[in-house]
Structure formats: C-alpha cells, structure tokens
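K.L.:
Give me a 3D structure for the following:
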Amino acid sequence: MDRHTSGDATCPEGTNDSGCEVVIGAPRRALDDVRDTGGSVVVPMIPTPRKPVRDPARAAVVLRHARLRSDGGPQFCQPSRAETAGVAPRRQGTRTDGKVIYPDRESAEQAGREFESLGSQPMRSYRCNRSNHGHYHLTRDTTALARRVDLTARIPQQRSA
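P.N.:
Predicted coordinates:
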C-alpha cells in the first residue's frame, strides 16, 4: 500500500469520517501527506507561512542582504553536519537558532544600518562560531547604546538659582 496515494496511519483508506475528509486549500497535518480522493485526482498541498511577516520594510531589507535559499527565503544558521553526527563538539543547541545568515561583513553592516534607519536599536555584525567558511550575523550593539547614554549624561544641565 503506497501511503502517498492511498491513505495514512491516521486516516486509513476507505474511511469517510469528518476528520478524514480532504478539503481543498485546507492545511494538512503532515508535510508529505498527499492522498488520492477517490479517482485519480490528487489534492495539492497549499503551504501556509508559519508566522506572518510583521514589517514588510524589514523583510525587504533581509531579502536584499541575506543569503537566500533556493525558494527565495532567507537562510538561517544551523548546526554543521559534523556537529549533528556527533563528530565535532556542539557549539550551540541542536536546532536552528533563528539567526539570519549574511554572506559577508559588508552586507551584514549595510542591513544593520538599514534596520537602524527603520527605527531599530544600533546593530553590529559578528562572525558566527558555527561557520567554517565565514558567514555573519547581526546583534544589538550595546556599546553604541552606552555611548548614547554617556553623551546625554555629559551634557551639562542648567541649574536654577
């Protein structure tokens, strides 16, 4: 029995429960769940985004400067194959950490400047510890924030008599 065309473990072939109906356009339970709905009509899976993009301007900055996957989305940092296999020691957790990969320092710094112009805190680029070939990430620049605070503290305030 081919599970891609004749049912799966949660909804066996020939069952017509309300939980097993196929609705065109409805999200599926499993990514590889493609079923035959009777004849030879295969219902296509329509992917839905995990989270909506909160700010299209920031999304445009990421897409302009980040390393992109083959589907056009930004690439995120993941453990190396050696870390996953246990050959090399893990530097961070076992999954992706959600950090966008920038291919070089210049593109990361340019993205940081554009994020600042959109109202974010100061950003700085750094080389990733997981990287063998040298990719970069962005983080908040706390020294720039401290400089801004020091500047306001150094400006003398007028005293009233």
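K.L.:
quick one: the strands in this protein?
P.N.:
123-127, 136-140 (DSSP state E).
K.L.:
contact partners of the last one?
P.N.:
The reference is to strand 136-140. Residues outside strand 136-140 that contact it (C-beta atoms under 8 Å, 6 or more residues apart in numbering) are 77, 99-105, 107-108, 111-112, 115, 121-128. C-beta here means a position set from N, CA and C on the backbone, and glycine is covered the same way.
K.L.:
pLDDT value on residue 57, please?
P.N.:
pLDDT recorded at residue 57 is 90.
K.L.:
now the one 5 residues further on
P.N.:
Per-residue pLDDT puts residue 62 at 92.
K.L.:
which ones are touching residue 116?
P.N.:
122-123.
K.L.:
where's it relative to residue 143, distance?
P.N.:
Separation of residue 116 from residue 143 (C-beta to C-beta, to the nearest Å) stands at 14 Å.
K.L.:
do residue 91 as well
P.N.:
In terms of C-beta to C-beta, residue 91 sits 24 Å off from residue 143.
K.L.:
Turn the strands of the chain into JSON lines, columns for distance to residue 70 and mean pLDDT.
P.N.:
Below are the strands of the chain laid out as JSON lines (distance: least, C-beta to C-beta, whole Å; pLDDT from 0 to 100):
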{"stretch": "strand 123-127", "distance to residue 70": "25", "mean pLDDT": "91"}
{"stretch": "strand 136-140", "distance to residue 70": "21", "mean pLDDT": "91"}
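K.L.:
Turn those into TSV, including distance to residue 67 and mean neighbour count.
P.N.:
TSV is the format used below for the strands of the chain (distance: least, C-beta to C-beta, whole Å; neighbours: other C-beta atoms under 10 Å):
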stretch	distance to residue 67	mean neighbour count
strand 123-127	13	15
strand 136-140	10	18
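K.L.:
mind checking which of those is nearest residue 147?
P.N.:
strand 123-127 (12.4 Å; C-beta to C-beta).
K.L.:
Which one of the strands of the chain lies nearest to residue 68?
P.N.:
Using C-beta to C-beta, the strands of the chain put strand 136-140 closest to residue 68, at 14.9 Å.
K.L.:
domain parsing for this structure?
P.N.:
When the chain is parsed with automatic domain parsing, its domains come out as 1-48, 56-151.
K.L.:
how many other residues sit next to residue 134?
P.N.:
10 (other C-beta atoms under 10 Å).
K.L.:
wait, I meant residue 100
P.N.:
Neighbour tally, residue 100, other C-beta under 10 Å: 19.
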